[in-house]
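**Student:** below: sequence and its predicted model.
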Amino acid sequence: MMHEWWEGWGPGGWGGMWFGPLIWLVLLALLIIGISYVWRRSSNPGETAYPHSPTPRQILNERFAKGEIDKDEYQERLNALRD
C-alpha cells in the first residue's frame with residue numbers, strides 16, 4: 001500500500017503534535033500582548049500619544065540657551081512669568 005503524502009499531519013500525527021501546540025503558544029502570546037496594551041492604555045487615561053507641549057518656562061530657557069535673548073531680557077521675562 002502506498003503512503004499518502006498527508007498522512008501524519010492529522011490528529012496525533014507529527015503535524016498535530018508540533019503544529020497544534022505552536023498555534024496555542026502564538027495565540028497565548030497575542031492574548032498577553034493584547035491585555036498588556038489595554039492595561040497600559042487604561043492606566044494612564046490622561047496621556048495621549050503625542051508629546052506634551054513645552055511650558056513657557058522651558059521655551060524661555062531654550063531661547064536663552066540658544067542666545068536668542070540676553071541675560072537681562074531673560075530675567076525680565078522670567079519675573080513676568082512668576083507674577
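**Tutor:** Good, I have the coordinates. Numbering: from 1, shown residues only.
**Student:** just checking, what packs against the one helix or strand Arg41 maps to?
**Tutor:** Assigned by DSSP states H and E, Arg41 falls within helix 14-43. Using 3 or more CB pairs under 8 Å, 6 or more residues apart in numbering; DSSP states H and E as the contact test, no helix or strand touches helix 14-43. Every residue, glycine included, has its C-beta placed from N, CA and C.
**Student:** the nearest residue to Glu62 once chain neighbours are set aside: how many residues sit nearby?
**Tutor:** Leaving out its chain neighbours, the residue that sits closest to Glu62 by CB to CB, 6 or more residues apart in numbering is Pro54, at 7.4 Å. Pro54 is flanked by 11 other residues according to other CB atoms under 10 Å.
**Student:** where does Pro54 fall, secondary structure wise?
**Tutor:** Pro54 belongs to no helix or strand, assigned by DSSP H and E.
**Student:** surely it meets Leu60?
**Tutor:** No: using CB atoms under 8 Å, Pro54 is not in contact with Leu60, being 9.6 Å away.
**Student:** domain assignment for this protein?
**Tutor:** 9-43, 54-83 (automatic domain parsing).
**Student:** adding mean pLDDT, write those out as a markdown table.
**Tutor:** Listed next are the domains of the chain as a markdown table, based on pLDDT from 0 to 100:
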| stretch | mean pLDDT |
| --- | --- |
| domain 9-43 | 80 |
| domain 54-83 | 92 |
